[in-house]
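Peer 1: got a structure for you, letters missing:
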Ligand code: G
Ligand code: MN
């Protein structure tokens with residue numbers, strides 16, 4: 001009995017500490033958003049037939065005063081469980097629209113891929129903000145790809161689907177991100193009427209015959225529905241060969257290009273000019 005009581009107390013203490021740490025981190029994140037400590041990084045996506053950059057994914061980074069540069073997985077889940085995801089979404093949407101407008105002005109025929117949490121689709125604000133940012137920067141809907149990751153069940157809700165549909169009808173492309181982990185499924189592809197499917201890096205890295213066979217099936221399923229397929233997290237030439245042989249349309253990953261600043265990307269575009 002004594003032991004059980006002790007365990008209960010410890011668990012409660014741990015839970016309290018975690019909550020305290022979380023709320024401190026949330027406050028830091030709130031300040032970071034206000035202070036402008038969030039950074040957008042840009043990672044090109046390549047067409048596997050032409051080897052040219054066809055889209056650029058905008059990725060969020062947090063330059064934390066003590067912890068250094070933090071990747072999205074370290075703070076997006078926290079942002080999703082508070083209202084902070086909306087402010088981060090507005091920042092990233094602004095960065096994406098400004099950037100794609102600049103690339104277009106420089107003669108680059110690329111789209112911009114924006115990560116969208118299903119939580120952001122829980123209100124009309126996301127759609128209104130995106131349309132306003134597009135109008136302000138002169139970006140047309142076909143310049144935008146929205147990458148949706150399944151982190152919460154909110155996409156099961158009709159209003160969230162309707163919001164996506166509004167944007168899609170206007171010409172924005174919808175991509176199902178991180179296929180192969182979490183809740184992403186073939187059912188989701190149909191439900192969202194996706195234009196694009198991104199195969200998660202965990203599948204791309206696997207050398208298992210069964211995983212490869214599964215990927216081949218998924219790619220066939222997607223292509224039969226006119227959905228293009230992007231391989232994520234390609235780090236080696238061997239992986240690139242494998243995803244090319246499997247019929248992926250596009251690839252993204254450290255082997256081809258790391259996430260970079262706008263300036264580095266501009267240099268990369270210059271090198272592409274033939
Ligand atoms: O969930 P999503 O696929 O949007 O996440 C993209 C994340 O993956 C980014 O933070 C990006 O820096 C990272 N990333 C991009 N390419 C690679 C890669 O080739 N290898 C690994 N390990 N990470 C990558
Ligand atoms: Mn993504």
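Peer 2: Perfect, thanks for sending it. Bear in mind that the values here come from a model prediction, so they are computed numbers and not experimental data. Numbering: from 1, shown residues only. Ligands and ions are numbered 1, 2, ... in the order given.

Peer 1: what residues of whichever strand or helix holds residue 269 count as buried?
Peer 2: Following DSSP states H and E, one finds residue 269 within helix 262-272. Along helix 262-272, these residues count as buried under the neighbour rule (16 or more other CB atoms under 10 Å): 265, 266, 269. Every C-beta, even on glycine, is put in place using the N, C-alpha and C of the backbone.

Peer 1: now do stretch 178-198
Peer 2: Counting neighbours by 16+ other CB under 10 Å, the buried set in stretch 178-198 is 178-180, 183-184, 188-189, 192, 194-198.

Peer 1: got it, and stretch 249-264?
Peer 2: Those would be 249, 250, 251, 252, 253, 255, 256, 257, 259, 260, for stretch 249-264 by 16+ other CB under 10 Å.

Peer 1: now the end-to-end length of it.
Peer 2: 25 Å (CA to CA, to the nearest Å).

Peer 1: so which residues of the stretch 101-250 of the chain form strands?
Peer 2: Taking DSSP state E, counting those that start in this stretch to define them, one finds strands in the stretch 101-250 of the chain at 111-116, 144-148, 173-179, 196-199, 228-231, 250-251.

Peer 1: and the shortest one with ligand 2, contact?
Peer 2: Read it as strand 250-251. No - remark: strand 250-251 sits outside contact range of ligand 2, by CB under 5 Å from the ion, the gap being at least 12.6 Å.

Peer 1: spell out which parts of the stretch 51-200 of the chain neighbour ligand 1.
Peer 2: For the stretch 51-200 of the chain, the residues found near ligand 1 under the criterion CB under 6 Å from any ligand atom are 59, 71, 72, 115, 149, 177, 178.

Peer 1: returning to that earlier point: could I get the strands of the stretch 101-250 of the chain as a markdown table with distance to residue 94 and mean pLDDT?
Peer 2: What follows is the strands of the stretch 101-250 of the chain, written out as a markdown table (distance: least, CB to CB, whole Å; pLDDT from 0 to 100):
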| stretch | distance to residue 94 | mean pLDDT |
| --- | --- | --- |
| strand 111-116 | 10 | 98 |
| strand 144-148 | 13 | 97 |
| strand 173-179 | 19 | 94 |
| strand 196-199 | 23 | 96 |
| strand 228-231 | 24 | 98 |
| strand 250-251 | 25 | 98 |
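
Peer 1: wait, which of those strands is closest to residue 126?
Peer 2: Residue 126 sits nearest to strand 111-116 of all the strands of the stretch 101-250 of the chain, at 7.2 Å, using CB to CB.

Peer 1: parallel or antiparallel, which strands does that closest one pair with?
Peer 2: Using DSSP bridges, the strands paired with strand 111-116 in its sheet are strand 53-64 (parallel), strand 144-148 (parallel).

Peer 1: can you give me the angle the first one makes with strand 173-179?
Peer 2: It refers to strand 53-64. Interaxial angle, strand 53-64 versus strand 173-179 (axes from the mean of the first three to the mean of the last three CA atoms, to 10 degrees): 60 degrees.
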